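Participant: prediction below, plus the sequence it came from.
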Amino acid sequence: MPQLTNGVKVILLANIAVFILTALAEYIGFNIDNALALYYIKSQYFKPMQFLTYMFVHAGFMHLFFNMFALVQFGSMIESVWGTKRFTFYYLVTGVGAGIVNMIVTHYQLTPFMDALQEYYANPSPDALVALSGTTDFFNDAAVAEIADRWRTGFYTDEQVVDGIEQSIEQIKARSFNVPIVGASGAVFGLLLAFGMMFPNLKLQIIFIPIGIPAKYFVLLYGVAELFFGVNNFTGDNIAHFAHLGGMLVGFLILLMWQRRPPMDYYE
């Protein structure tokens, strides 16, 4: 275990404090996740400050433990080279950047649904309803097809269909928009990238793997895995893979900028 540096220590204690605070609040029946977690921009719970606060909230003890373990392992070595101000700046910016990247990807993924919904409201029709159901997994396609067929034959009127599925549409919008993102993983992945670039040949020992892996290959492996799972979006996978990739991307851009123009003295 590397020696705890000042910036890592403060970030570690802040995450632990927020975890305890949220647990106590939940115990007395008050949920503060709606205020601190990061929600999609069209969600009723979204607030700009969540781009910063979400990285200090965790879904459970193991989520907190693994993120903080990585923070201590990688962050302490990086801070010992960069200094506290530069390290803290990098950590916070990669965390915020990870949230922004995840927001952009989420918006891109939801755009077909929102466009189809707008078209359905503008010109309600059986075809528009079928097109809308095809943009999300939350509709029962067989049930929608049956409703559309009965709508075409005149068994249902426009008003009956529009009014009948209004509640379902609102529920689908809520389930799509109100998905919270929490955790320091985006910032931690930014640290992981920086570690791999700063100490590329330092071998890392992974649990259950008897040989050390150079940091540069470890980072590459993690990045490819996150891209694979993010693109495929497997059912039941509730990990924000694009937030992880976003942290790495923003971290790379910061390091590239610093390489071309070294940080000013106030980072030191």
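Facilitator: Good, I have the coordinates.
Participant: tell me who's in contact with Ala143.
Facilitator: Counting by Cβ atoms under 8 Å, 6 or more residues apart in numbering, Ala143 makes contact with nothing. C-beta: built from backbone N, CA, C; applies to glycine.
Participant: who's in contact with the helix or strand containing Trp258?
Facilitator: If you go by DSSP states H and E, Trp258 is part of helix 241-260. With Cβ under 8 Å, 6+ apart as the test, helix 241-260 has contacts from 90, 93-95, 97-102, 105-106, 181, 185-194, 197, 219, 223, 226-227, 229-230.
Participant: for it, list every residue counted as buried.
Facilitator: By 16 or more other Cβ atoms under 10 Å, the buried positions in helix 241-260 come out as 241-252, 254-255.
Participant: what do you get for stretch 121-133?
Facilitator: Buried residues in stretch 121-133 (16+ other Cβ under 10 Å): Pro126, Ala128, Leu129, Val130, Ala131, Leu132, Ser133.
Participant: quick one: it to chain centroid distance?
Facilitator: Centre-to-centre, stretch 121-133 and its host chain are 31 Å apart (Cα atoms, centre = their mean, to the nearest Å).
Participant: re earlier: so which of the buried residues of helix 241-260 is the closest to Leu21?
Facilitator: Closest to Leu21 out of the buried residues of helix 241-260 is Ala243 (22.4 Å), distances taken as Cβ to Cβ.
Participant: show the pLDDT at the residue nearest to that closest one when sequence neighbours are not counted.
Facilitator: Nearest residue to Ala243, sequence neighbours excluded (Cβ to Cβ, 6 or more residues apart in numbering): Asn102, at 4.0 Å. Listed pLDDT for Asn102 reads 88.
Participant: and Asn102, that one's in a strand?
Facilitator: No - using DSSP: H, G, I helix; E, B strand; the rest coil, the secondary structure at Asn102 is helix, not a strand.
Participant: in contact with it, which residues?
Facilitator: Leu38, Ile181, Gly186, Ala240, Phe242, Ala243, Gly246.
Participant: same check on Asn31?
Facilitator: Ala25.
Participant: again, only this time at 10 Å
Facilitator: The contact partners of Asn31, taken as Cβ atoms under 10 Å, 6 or more residues apart in numbering, are Thr22, Ala25, Ala37.
Participant: helix, strand or coil for it?
Facilitator: Per three-state DSSP, Asn31 ends up coil.
Participant: look up how far Ala37 lies from it.
Facilitator: 10 Å (Cβ to Cβ, to the nearest Å).
Participant: shared neighbours, those two?
Facilitator: Joint contacts of Asn31 and Ala37 (Cβ under 10 Å, 6+ apart) are Thr22.
Participant: could you pull out the strands for the protein?
Facilitator: All strands of the chain, identified by DSSP state E, fall at 203-205, 212-214.
Participant: okay, and for the stretch 1-150 of the chain, where does confidence drop off?
Facilitator: Scanning the stretch 1-150 of the chain for pLDDT under 70 picks out the ranges 1-2.
Participant: just the helices from it, written as ranges.
Facilitator: Per DSSP state H, counting those that start in this stretch, the stretch 1-150 of the chain carries helices over the ranges 6-27, 33-36, 50-53, 61-70, 76-82, 84-122, 126-133, 141-152.
Participant: read off the pLDDT value for Phe229.
Facilitator: You'll see Phe229 listed with a pLDDT of 56.
Participant: sorry, wrong one. I was asking about Arg261.
Facilitator: pLDDT at Arg261 comes out at 74.
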